[in-house]
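>>> here's a sequence, model it:
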Amino acid sequence: MGLFKDYVSQTRKPEGFLGKMMVNGMNGGHAKLADWGMSHLQTIVPEEIVELGCGGGRNAGELLKRYPFSKVTAIDYSEISAGIAAEYNAEAVKKGRCRVMQGDVSALDLPEEKYDLATAFETVYFWPGLSKCFAQVAKVLKPGGVFMIVNESDGTDKTGLKFEKIIDGMKCHTIEEIESALKSAGFKKVRSDHHKNKPWITVIATK
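Residues are numbered from 1 along each chain as shown. Down below sits the predicted model:
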């Protein structure tokens, strides 16, 4: 149980050898969830995207494919994640379409009102105060910008609540909790979707 806890705890801020293992597994392990989330982006054609909690960089890469004329800034709290994400998207980084950096979502060091789209896949579980962090996201989005959150847990499923007890600092939020925090952070419109067969959720807010 000790090694298992050490390993799954790497989801919060990957470090060291176990952290590298975890980040490398994220790209494949969360792919179907991420693609389901991205399928909700039907009308937006963003020029500037910020991918928050980018993990191993796979989702940043998919956003670059989905929007071939866009640029993506990928941010992660973990130095290891940022490094792996940069390697994963090395070609796009070289072409100037992708920038990867280490950063803290509770104090984003980014230009205000620059981005058309912000995404957060499997990461808000670890954000230190949803309303505070969501306000930081709102700050860097353009007026009318979109913020999409995609979670594997809907805050009530047994698996999510099990990991919540194992991983320090993890909180599985319900759709209602996320929507409330988004509105208190200044987002005007919020809509959500719950997967019909799984506890997956997508929440999309417009500034």
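>>> who's in contact with the residue nearest the centre of the chain?
Computing the C-alpha centroid of the chain and ranking residues by C-alpha atoms, centre = their mean puts Ala120 first, at 2.0 Å. By C-beta atoms under 8 Å, 6 or more residues apart in numbering, the contact list for Ala120 reads 52-53, 137, 147-150. Placement of C-beta: from N, CA and C, glycine included.
>>> next secondary structure element downstream of the helix or strand harbouring it?
Assessed by DSSP states H and E, Ala120 sits inside strand 115-121. Following strand 115-121 in sequence order, the next helix or strand is helix 130-140 (DSSP H and E).
>>> picking that back up, select from the contacts of Ala120 the one having the most neighbours.
Scoring the contacts of Ala120 on neighbours with other C-beta atoms under 10 Å, the highest-scoring entry is Ile149 at 30 neighbours.
>>> CA atoms only: put the host helix or strand of it into PDB for me.
Assigned by DSSP H and E, Ile149 belongs to strand 141-151. This file holds the C-alpha atoms of strand 141-151, laid out as PDB (Å, rounded to 0.1, in the frame of the first residue of the first chain):
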ATOM      1  CA  LEU A 141      -8.900  35.000 -21.000                       C
ATOM      2  CA  LYS A 142     -10.200  37.500 -23.500                       C
ATOM      3  CA  PRO A 143     -13.800  38.800 -23.100                       C
ATOM      4  CA  GLY A 144     -15.900  36.000 -24.400                       C
ATOM      5  CA  GLY A 145     -13.100  33.500 -23.900                       C
ATOM      6  CA  VAL A 146     -13.900  29.900 -23.000                       C
ATOM      7  CA  PHE A 147     -12.600  27.800 -20.200                       C
ATOM      8  CA  MET A 148     -13.100  24.000 -20.400                       C
ATOM      9  CA  ILE A 149     -12.700  21.600 -17.500                       C
ATOM     10  CA  VAL A 150     -12.700  17.800 -18.000                       C
ATOM     11  CA  ASN A 151     -12.700  15.400 -15.100                       C
END
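>>> ok, now how distant is Trp36 from His30?
Distance of Trp36 to His30, computed by C-beta to C-beta, to the nearest Å: 10 Å.
>>> re earlier: just how off-centre is the strand holding Ile149 within its chain?
Here the centre of strand 141-151 is set off from its chain's centre by 11 Å, with C-alpha atoms, centre = their mean, to the nearest Å.
>>> that one pairs with which strands, and in what direction?
strand 115-121 (parallel), strand 201-206 (antiparallel) (DSSP bridges).
>>> follow-up on the earlier one: which of Trp36 and His30 has more neighbours?
His30 (19 against 15).
>>> model confidence for the residue lying closest to that one once chain neighbours are set aside, exactly?
Spatial nearest neighbour of His30, excluding adjacent residues (C-beta to C-beta, 6 or more residues apart in numbering): Glu122 at 5.5 Å. Looking at Glu122, its pLDDT stands at 93.
>>> what's the burial count for Glu122?
Neighbours around Glu122, by other C-beta under 10 Å: 21.
>>> isn't it up against Cys54?
No: with contact defined as C-beta atoms under 8 Å, Glu122 does not reach Cys54; the gap is 10.7 Å.
>>> contacts only, for Ala85.
Ala85 sits in contact with 54-57, 60, 74, 76, 100, where contact means C-beta under 8 Å, 6+ apart.
>>> can you pick the most crowded of those residues?
Cys54 (36 neighbours).
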